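> Provide a 3D model corresponding to the input given below.
(3 chains)
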Amino acid sequence: MIAKYRIIVLAGCFILFGAGSVFSSYNFPPPEFDSNYIKPVMEKLPAGADWLSYLDIVVLLGAILLSAWASLKKRSRSVIVIISLFSLAYFGFYKEGCICPIGSIQNVAAALANPGYYLPVSVILIFSLPLIAALFFGRAYCGGACPHGALQDLLLIKEISLPKGLDRSLSVGAYLYLGLAVLFAVNDSGFLICRFDPFVPFFRHTGPFYMFVTGGVFILLSTFIGRPYCRFLCPYSALLKPLSLVSKNKVTITPKECIVCNLCAASCPYGAINEPAAKAPDQKRPRFFYIAFFIAALLLGSVLGYFTGGFLSRYDVNVKTALEIHNYYNTGTKSAVILSENAKEFIRKGESNEILFTLAGETVSHYKRSGIFLGAFILFVLFLQIVYSLRRPKREIYEPDSARCVSCGRCFRDCPIHRKAAQKENENKKS
Amino acid sequence: MGQENKISRMEFLKKTGRGLSVLALGGIAGAALGRSKRKRESVWQIDPDKCTQCGKCATECVLRVSAVKCVHNFSICGYCNLCFGYFAPGQRELNTGAENQLCPTGAIRRRFVEEPYYEYTIKEPRCVGCGKCVKGCTAFGNGSLQLQIRHDRCKNCNECAIAKACPSKAIFRIPAAKGYITKENNDSKI
Amino acid sequence: MKTKNLNTLSLVLKQTAVAAAALFFLSAGGLVYIYSSGTVANIKDSPALERLKQKLEKEPANEALIKSFREVDLQERALYFGKSELLETGAKICLVFLMLFLISQRGYSLLNGRIPKVKKGSESNYHFGGSFKSLPVYASASLTGILVVMILFLLSVMGSARFPWQAEKSAPVKGAELNKQWNGFRGLNGRESAAAGNYASIWNIKSNKNIAWKTSLPVKGYSSPIVYEDKLFITGSENKKLKVLCYAAATGNLNWSSPVLVTSKQEEAEVMTEEEGGAGYCAPTPVTDGEYVYAYFATNKLVCFNLAGKQQWLRDFGKPENIYGLSASPVLFEDKIIIQADQGEEGLSRIYAVNKKTGKIEWETKRPDGASWGTPLVIDYRGRKEIITTTKPWVIAYAPASGKELWKAECLSGEVSTSASFSDGKIYVMSPDSQTSTIALLPGGTGDVTRTNIAWKMQEDSQAINAPAVLDTKIVIALKDNIVMRASTDGKIVWQYKTEDEFWASPVIAGKKLYLSSRGGKVYVLTLEGKLVNTMDMGEEISASPAFQTDKIFLRTNKNLYCLKEEKK
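Residues are numbered from 1 along each chain as shown, chains lettered A, B, ... in the order given. Sure, this is the predicted structure:
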């Protein structure tokens, strides 16, 4: 009993003194009301629980596996369309496109470069599941589980086929974009992929104007060019392509043997079907030529990348502010300059310019250092592109290019053997 | 014989490539996880003490109407008759006339409680997150009005566009369980 | 039967697709129109309301205007929220049509799978394929490669330029160096604070406690001692003869004492001595750059000695016309000595920059008439250097390179004997009128900034003739009978300490303590929280600020020079 009292008295004291000391710091002490007015409480709507992100991973995994099954085993375009409609509805319009494997590249890059960056396990899973799947089932993710791909795939009405050379050249864009996005992510300057994503504003049906413009352009393009974002820009495709090259299982046009009837040749809107070709006559250049070319490319890339990094650092907010502040204090025309909020905030804080300049200097040198890797990577890709264009392997049948094939299943229907098999199956079912 | 050999060589190369890729992916994932923080931080919030009400919250959010809204910490409100968050500077009369109000959308409601106290509540659907009222209240009043990211509206973007644009770097992630950083419960800051 | 059903379905799907597409484009067009018709995004600064608001400010009592304001306000808000809602529902409608179109279009195309045709000439592809077909691919790949490398090269060229601030970096002064230098009035660059050091906070002249050495001065003057490495410099006058004295900082032995040599042509100026209530001949504190020592005297002459005591050059600025005598100390800035000579006679006030090597005047700028006694302060405000000077009624900033006036603010009154201080991006000056006030100014302006750049102004309850000492975000003011600490942001009083004493010397912050030497002959040591640590009575009045070096304090009283140092136990 006494203990109880003591607690009440102590609590009372605590409230009295505690409250007093807190309230004394306010300009207008919060009032005590004589009437029976009760202070309202701020409404705090809860955030989505963390486990929900794991539900998404389960759904993602399911969509990938289903899509793999539909493209490899079931061989049904209809099933793939249904899966992609579901993915578009769920990952696209319901989850509103965030977070997706494409954007997760940046989270992983940022976590690798900056210790202390928070990377949830769910993001690692979202990043790696489609990649692991690509090692076993090809680009099953692109075929059915990616809302971006699904949207473009479904929008394609009347395709025009691009010349092979143009198609191959444009697809370098994906690697460039990947390199740039990683450079900006490791330097903590922003997530390019997310900022310029063309479809997210449509998924959210709200967004900045420029996003709608780029999105509109891509949506119009995809009505007559097959998956323009996937093929020419998507940075995740730049990761999926090399992995699906060594994939264990591959999409085949025909369920059995190819009879080289060439019926499927024009069925792929993405230029991913390789035609049979005779082996080119031997005209091998000496191996050291390639090696020398390779090393020269890497060196050139590193040098160019170093300075390009210096240029790109100007888009970092620290460097931008430093430039602005420097201009502001070294030109006489101060009243004419309209300062950005960042610069104003810096002036308001009254820190020394030196601190800002040192920080900006560090950012620039970090950009330059990581620019070396960017340059080498870009030149490496270009080198491979040229070497690959010289390669003339012997091929006797029509088969999908394992890097470019997005497992959409369009070619199945054009294969007479597939159709015959499907018919047979239908008849079997009926009987 | 040669043909078979070649195919098996291709297969071997592919298998090696696959194995290496799995290892590389595992390495990347492991390294990324190993270097990252262990705290679970999943929702974006504004630190009201760092916020300078620059007005970027209203314009930078990817949503057309920002996920940032003004919220009211009633427990520290002074219930002033002359509210610096409600009345525009240089107002002529302390009444609810539109010409006296600071809020561009008229999202604050003023209600008489008892002499001399008035209650101010925010009609959230009308708030555009411009922070004009917060600026007034923070500069001259108790600072009971503050801007905060509302979880019912926030899309929880991978990278918050406002956080990147915020000049005072006042926006960061906090654990979802903590939910909100308000001036009432500043202990929820990390 | 089944085929018929399928045919009907496909027809329905086709029609649905066409209708959905048409509706989608219609609604999307409508949305774009609504979006582009304006007023949706800008309720925050509606021009119509802004105009009315300005009108209202002019005639606040106009009832009709108020009424129309309310109406327009209501309309604008209704428009904004109406359109917002329309946009949101419109987007949803668009989406529904789009999905409908996609589904029916896909369904239709699935039902109507076209039969592929055999490609013409495909046979030839098979036979000769490789060698011909890959040629354009190769060309295109090479072209892409060249293009990308060229873009990279272009970016590299643009990115290879150094950033502007990198070019102007100068080596910062090291902490250890700082300790060596109390090289002029109020320490290095007038900062009035010593780097962290362990300074004595108690001493006793009777028991000799913590007194390293003491020597009596043969000269008199209000100037403060300065110290550079192992040398201590004093200026003073002995029977109207001007002298510069150099002591060994470690022992207090007199190294040399050199009189200022004046050519016979130069007219000897009459100066009001200390006893007559003037500032005397030697109120300005000398300054040294470690190679030479520069001393300025009330006779309006600047003299340069080398460290061995040999006079190098002398610059005469003309006959002084200053009622109490010139007292602004010379200020060292890069290769210049800045001298502020404000005089009572019309058209005589000047600020000079003298080349420290040659003694030639590099620039001189005319200043407002009227005598003043404060010392200029060179500040670095975000890369721009400014010389801050005080006179009645102006605070004027000059560019050190050219002497051009940068800005001025009208805020001082009375006999301006106070110098400016600078920290936290603000300049602090005291206006020593009958009612002394402390004023914080923002540097970096142009022209007359009286209306714009005064951050705050606080009235003090007694007088001061010295300069505030600065901490990062606090300033300390030594007023008559009162020592006050104010916050730099808003000027609010943090603490105050009452004494019955008068301070001519500016307060100094050293080793996290505050040192104030008073006219009453006492040295007050206070913590930065305003608590008294000790008071030491020196037995004679003190007009000079002490100098600090690593662990020593040099204090000049009226007749003596003390070195104070904590004795090792």
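> so whichever residue of the stretch 1-150 of chain C sits closest to chain A, which state does it fall into?
Closest approach between the stretch 1-150 of chain C and chain A, counting by CB to the nearest CB: C:S140, at 3.2 Å. No exception for glycine: its C-beta is placed from N, CA and C like everyone else's. Of the three states, C:S140 takes helix under DSSP: H, G, I helix; E, B strand; the rest coil.
> got a list of what it touches?
A:163, A:165-166, A:168-169, A:389 (CB atoms under 8 Å, 6 or more residues apart in numbering or on different chains).
> separate out the buried members of the residues you listed.
A:165, A:168-169, A:389 (16 or more other CB atoms under 10 Å in any protein chain shown).
> coming back round to it: nearest to C:F548, of the contacts of C:S140?
Distance to C:F548 across these (CB to CB) is lowest for A:S169, with 70.9 Å.
> wait, a helix at that closest one?
Yes - assessed with three-state DSSP, A:S169 lies in a helix.
> my guess is it contacts C:L143, does it?
Yes - the criterion here is CB atoms under 8 Å, and A:S169 meets it with C:L143 at 6.9 Å.
> in chain B, which residue sits nearest chain A?
For chain B, CB to the nearest CB, closest residue to chain A: B:G78, 2.8 Å.
> what sits closest to that residue if chain neighbours are left out?
A:F28 (2.8 Å; CB to CB, 6 or more residues apart in numbering or on different chains).
> residues touching the one you found, list them.
With CB under 8 Å, 6+ apart, A:F28 has these contacts: B:78-80, B:141-142.
> output the lowest mean pLDDT helix or strand found in chain C.
helix C:175-180 (a mean of 53; mean pLDDT, DSSP states H and E).
> how much space between C:R451 and C:L442?
To C:L442, C:R451 is 12 Å away according to CB to CB, to the nearest Å.
> these two - which one has more neighbours?
Neighbours were tallied for C:R451 and for C:L442 using other CB atoms under 10 Å in any protein chain shown; the higher tally belongs to C:L442 (17 against 8).
> how about the residues of chain C near chain B?
C:43-46, C:53, C:56-57, C:60, C:66, C:69-70, C:73-74, C:77, C:80-81, C:84, C:87 (CB under 8 Å from any CB of the partner chain).
> give me the subset of these lying in strands.
Nothing among the residues of chain C next to chain B maps onto strands, per DSSP state E.
> please flag which of those residues sit within helices.
Cross-referencing the residues of chain C next to chain B against helices under DSSP state H gives C:53, C:56-57, C:66, C:69-70, C:73-74, C:77, C:80-81, C:84, C:87.
> ok, so of those, who is nearest A:F212?
C:L87 (11.9 Å).
> contacting residues around that closest one?
The contact partners of C:L87, by CB under 8 Å, 6+ apart, come to B:64, C:31, C:34-35, C:40.
> where does the chain dip in pLDDT?
Here I'm looking at chain A. A:1-25, A:279-285, A:329-337, A:349-353 (pLDDT under 70).
> switch to chain C, please.
For chain C, the ranges with pLDDT under 70 are C:1-2, C:38-45, C:113-134, C:165-181, C:188-197, C:264-268, C:569.
> from it, which residue is nearest to chain B?
Closest residue of chain C to chain B, CB to the nearest CB: C:D73 (4.1 Å).
> how about that residue, what does it touch?
So C:D73 contacts B:98-99, B:106, C:49 (CB under 8 Å, 6+ apart).
> 6 Å - rerun?
B:A98 (CB atoms under 6 Å, 6 or more residues apart in numbering or on different chains).
> swap in C:N453?
Counting by CB under 6 Å, 6+ apart, C:N453 touches C:441-442, C:445.
> again, 7 Å this time
C:409, C:441-442, C:445 (CB atoms under 7 Å, 6 or more residues apart in numbering or on different chains).
> relative to A:A360, which of these is nearest.
Using CB to CB, the contacts of C:N453 come closest to A:A360 at C:L442, 24.1 Å.
> how close does that closest one sit to C:V470?
Distance from C:L442 to C:V470, by CB to CB: 15 Å.
> so for residue 95, what's the nearest residue that isn't a sequence neighbour?
In the absence of a named chain, this looks at chain A. In space, A:K95 is closest to A:D56, 6.5 Å off (CB to CB, 6+ apart).
> was after chain C, sorry
A:H205 (6.1 Å).
> can you report how many residues neighbour the one you found?
By other CB under 10 Å, the residues close to A:H205 number 18.
> hmm, C:A91 and it touching each other?
Yes - using CB atoms under 7 Å, A:H205 is in contact with C:A91, at 3.8 Å.
> can you give me the buried ones in stretch A:91-103?
A:91-93, A:95-103.
> switch those residues over to CSV; also include secondary structure.
Formatted as CSV, these follow (three-state DSSP):
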residue, secondary structure
A:F91, helix
A:G92, helix
A:F93, helix
A:K95, coil
A:E96, coil
A:G97, coil
A:C98, coil
A:I99, coil
A:C100, coil
A:P101, helix
A:I102, helix
A:G103, helix
